[in-house]
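**Q** how would this look folded up:
(one chain, ligands or ions: 1)
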Amino acid sequence: MIKIERAEEPEILKTKGKQARKALCTSYEQGKTEFSKEDFNDNIYAHPSVKKALFSMQNGKCCFCEIKTKQPQHPDKGDVEHFRPKNGYQQDKDDDLHKPGYYWLAYKWTNLLWSCATCNRSYKKNLFPLQNPTARAKNHSDDITSEIPLLINPCEQNPKDYIKFNRSFIYALDDNPYGKATIELLSLNREDLEEARRAKLKTFKQQLVLIKAAATYTDDYDLQKASREAQQMIQEMALPQAEYSAMIKAALSKTLQ
Ligand SMILES: [Zn+2]
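**A** Next up, the predicted model:
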């Protein structure tokens, strides 16, 4: 996970999104207390312009696991993820699904992120644990700023303040509750993901070996050339566009110590 800078709000959310929110709030005030998938218009919150804005804001990567997703128009693409779930919420996996969810935030730009289908559909789902469950906002009149979410919001917090790396393994700094809950909820050390990070780290370390060797054999022309390429590669691996850049940056800062 890396820090994400929120981009400009797409126009459709300001217009149609605002109207749709108003309609949902009116329904709630008229006694509707449960909203399901059909009550939300994915032509608004998942409009191509919204997907495009999220995809580009996140450099085409999942906001949680940092894998590259396919382009928004691809059938096997990523998902528009509601940070606060719109349909209903669960405090933990064993909890019942409570309704309504955060229906009034379904079209709220600051509640939307781009995630891979695995993180969204297999792990995050309707989970939204709070440190203070009694302060949970239950409807559009409640104040969400009273909530202390356990899940790290990469647009509002810097994940590196909570999540650290031991090689390719992710852990919570000083066992902090936010890092712990985020890692567990999204299963950020799931086998395939950790394996992919391990492979990336191996490539990174191979570049370091090359650079180190070039520093010893300074008259070896081929080695110097390979070292320059390796340095370039490492720089690219640490860019926000690159997969697992948080891990590479952590590994890089360790080598500089
Ligand atoms: Zn993901």
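
**Q** Now do the residue lying closest to residue 37 once chain neighbours are set aside: how many residues are near it, please.
**A** Taking C-beta to C-beta, 6 or more residues apart in numbering as the measure, residue 37 lies nearest to residue 87, with 6.4 Å between them; neighbours along the chain are not counted. For glycine as for every other residue, the C-beta is placed from the backbone atoms N, C-alpha and C. Burial of residue 87 is recorded as 20 neighbouring residues (other C-beta atoms under 10 Å).

**Q** Got the phi and psi for residue 87?
**A** When read as degrees, to the nearest 10, the backbone of residue 87 gives phi -80, psi -40.

**Q** Can you pull the domain assignment for this structure?
**A** Domain assignment for the chain by automatic domain parsing gives 11-148, 191-256.

**Q** Would you mind finding the most buried of these?
**A** Most buried of the domains of the chain by mean neighbour count (mean count of other C-beta atoms under 10 Å) is domain 11-148; its value is a mean of 17.

**Q** Show the average pLDDT along that one.
**A** The predicted model assigns domain 11-148 a mean pLDDT of 95.

**Q** next one: stretch 245-255
**A** When pLDDT is averaged over stretch 245-255, the result is 94.

**Q** Are that stretch and the ion in contact anywhere?
**A** No - Stretch 245-255 does not reach the ion (C-beta under 5 Å from the ion); its nearest approach is 12.7 Å.

**Q** what does stretch 64-77 give?
**A** Yes - where contact is defined by C-beta under 5 Å from the ion, part of stretch 64-77 touches the ion, namely 64-65.

**Q** Now do that stretch: distance from first to last residue.
**A** 15 Å (C-alpha to C-alpha, to the nearest Å).

**Q** likewise stretch 43-61?
**A** Its start and end residues considered, stretch 43-61 measures 22 Å (C-alpha to C-alpha).

**Q** could you dump the domains of the chain to JSON lines with distance to residue 167?
**A** Written out in JSON lines, the entries for those read as follows (distance: least, C-beta to C-beta, whole Å):
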{"stretch": "domain 11-148", "distance to residue 167": "16"}
{"stretch": "domain 191-256", "distance to residue 167": "6"}
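
**Q** For the residue nearest to residue 37, which residues are in contact?
**A** Counting by C-beta atoms under 8 Å, 6 or more residues apart in numbering, residue 87 touches 35-37, 40, 97, 99, 101, 126.

**Q** how about 7 Å then?
**A** 35-37, 101, 126 (C-beta atoms under 7 Å, 6 or more residues apart in numbering).

**Q** How much space separates the spatially most central residue of the chain from residue 199?
**A** Of all residues in the chain, the one closest to the mean position by C-alpha atoms, centre = their mean is residue 63, 2.0 Å from it. The spacing between residue 63 and residue 199, counted by C-beta to C-beta, to the nearest Å, is 22 Å.
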